[in-house]
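**Q** below: sequence and its predicted model.
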Amino acid sequence: MAKLLVTGGAGFIGSEFVRQAVEKGYETVVVDKLTYAGDLERLSSVGDKINFYKADITNREFVEYIYKKEKPDIVVHWAAESHVDRSILDATPFIDANVKGTQVLLDLAKNSDISLFVNIATDEVYGELGERGQFYETTPLNPNSPYSASKASADMLGRAYYRTFNLPVVTVRPSNNYGPWQYPEKLIPVVILKALKNEPIPVYGTGENVREWLYVSDCADAVFHIIEKGKVGEIYNVGSGQEKRNIDVVTSILQILGKPQSLIQFVKDRPGHDFRYSLNVDKIKKELGWEAKVKFEEGIRKTVNWYLNNIDWVERKLKTLKEYWEKVYS
Ligand SMILES: NC(=O)c1ccc[n+]([C@@H]2O[C@H](COP(=O)([O-])OP(=O)(O)OC[C@H]3O[C@@H](n4cnc5c(N)ncnc54)[C@H](O)[C@@H]3O)[C@@H](O)[C@H]2O)c1
């Protein structure tokens, strides 16, 4: 079986991917800087079955050493600064990790024997939609936040390395993920935690913005389909078709927890807030036979239950978040 080098494997989605990789029998090497968003606890169930390097992907020498030592067959590149609000406060770490880090990984991959480089992008690279329409893999990129601009740069770099150097790159553009182990700065865990503490729940604008919610295990599963059956040089959208307004997501969590809607507090909208994203996923469905399995109603229940059962982990994370929340929502 192929040997995987997984960047960002201690993050929310990367760790789900690593847990599935180990279960499938892949030899797995994880490279992660362990920023505020990275946490080895997410990998505790597979810790003795992976090789872990605490490394910054912008550190060319160290990445070169890891490539040479581990000789991976496939690179799955999840590592990134991933939170839009933080990119509005300071874009610099986003350009460093997402643009420079991706370029370092791609550049060094040219001199290695890898058979595939899976470059994880996002639906946010396409920009925003109105009430109607969908993004296709052929839709021009039109990012609106420093985060999505940095991800679009990384996406384009991957495709440029395919075209220019024949590097076997495949590009993946998933929609909004949710599920266990998500750092409690993103919408769904924020709502769960604030509701549990009976604190006001901040919702941007009027809560009308629409996102397409993909359960994290489905996202990882899509990437395995792409590794096993995908075509080099191609782009694959990965979405669930389950679009929800933010306000409806918040309402469903409050209902599950039996908390009142009066906890909702509308706050000043995020600058440049994209109204809606929606992915057309015909290509991955028809060509690779992948489809999201988890319906939103089931996934959100599982997610709420996970947070209830892992409240200690969350409390530890919350200690580091207080100051940040004050900056973002003030
Ligand atoms: N979360 C989503 O809804 C979503 C949707 C579409 C695409 N994505 C993309 O999927 C990937 C994973 O997202 P996530 O939500 O799991 O993010 P995350 O923030 O939870 O995890 C990112 C991981 O990358 C690591 N990292 C950051 N900078 C690094 C660096 N310079 N060197 C090495 N490691 C570094 C962090 O320590 C962390 O473990 C990202 O590329 C993100 O852009 C996420």
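**A** Good, I have the coordinates. Residues are numbered from 1 along each chain as shown.
**Q** which SS class is the residue nearest to N144 when sequence neighbours are not counted?
**A** Nearest residue to N144, sequence neighbours excluded (Cβ to Cβ, 6 or more residues apart in numbering): G272, at 5.0 Å. C-beta coordinates here come from the backbone N, C-alpha and C atoms, glycine included. Judged by DSSP: H, G, I helix; E, B strand; the rest coil, the three-state class of G272 is coil.
**Q** need the contact list for G272.
**A** Going by Cβ atoms under 8 Å, 6 or more residues apart in numbering, G272 touches 88, 144-145.
**Q** who in the stretch 1-150 of the chain is up against the ligand?
**A** Neighbours of the ligand within the stretch 1-150 of the chain, by Cβ under 6 Å from any ligand atom: 7-8, 10-14, 32-35, 37-38, 56-58, 78-82, 97, 101, 120, 122.
**Q** pull the helix or strand with minimum mean pLDDT from the chain.
**A** Averaged element by element with mean pLDDT, DSSP states H and E, the chain has its least confident helix or strand at helix 322-329 (a mean of 78).
**Q** show me what it is packed up against.
**A** Packing contacts for helix 322-329, counted by 3 or more Cβ pairs under 8 Å, 6 or more residues apart in numbering; DSSP states H and E, involve helix 84-89.
**Q** by contact count, what packs against the helix it packs on?
**A** By 3+ Cβ pairs under 8 Å, 6+ apart, helix 84-89 packs against helix 92-94, helix 146-165, helix 322-329.
**Q** first to last residue in stretch 111-118, what's the distance?
**A** The first and last residues of stretch 111-118 sit 16 Å apart, counting by Cα to Cα, to the nearest Å.
**Q** buried residues, it. List them.
**A** In terms of neighbour count (16 or more other Cβ atoms under 10 Å), stretch 111-118 has its buried residues at 112, 114, 116-118.
**Q** quick one: residues contacting P72.
**A** Neighbouring residues of P72 by Cβ under 8 Å, 6+ apart: 3-5, 29, 112, 114.
**Q** so which of these sits lowest on pLDDT?
**A** Ranked by pLDDT, those bottom out at S112 (95).
**Q** check which helix or strand covers it.
**A** Using DSSP states H and E, S112 is not contained in any helix or strand.
**Q** what's the answer for Y67, then?
**A** Taking DSSP H and E as the criterion, Y67 maps to helix 60-70.
**Q** how far is that helix from where the chain is centred?
**A** 24 Å (Cα atoms, centre = their mean, to the nearest Å).
**Q** packing partners for the helix or strand just after that helix?
**A** Where DSSP H and E defines the elements, the next helix or strand beyond helix 60-70 is strand 74-77. When contacts are defined as 3+ Cβ pairs under 8 Å, 6+ apart, strand 74-77 packs onto strand 3-7, helix 101-109, strand 116-120, helix 216-229.
**Q** could I get these as TSV with distance to F165?
**A** Below are the helices and strands packed on strand 74-77 laid out as TSV (distance: least, Cβ to Cβ, whole Å):
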stretch	distance to F165
strand 3-7	18
helix 101-109	8
strand 116-120	11
helix 216-229	20
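**Q** near the ligand, which residues of the stretch 151-300 of the chain are found?
**A** Close to the ligand, as judged by Cβ under 6 Å from any ligand atom, the stretch 151-300 of the chain has residues 151, 174, 176-177, 183.
**Q** for T7, see how far away the closest residue to D96 other than its chain neighbours is.
**A** Nearest residue to D96, sequence neighbours excluded (Cβ to Cβ, 6+ apart): T58, at 5.7 Å. Using Cβ to Cβ, to the nearest Å, T58 is found at 11 Å from T7.
**Q** what do the two both touch?
**A** Contact criterion Cβ under 8 Å, 6+ apart; residues shared by T58 and T7: G101.
**Q** report the beta-bridge partners for the closest residue in space to G230 that isn't next to it in sequence.
**A** Distance criterion Cβ to Cβ, 6+ apart; nearest residue to G230, sequence neighbours excluded, is V170 at 5.2 Å. V170 forms beta bridges with V118, as assigned by DSSP bridges.
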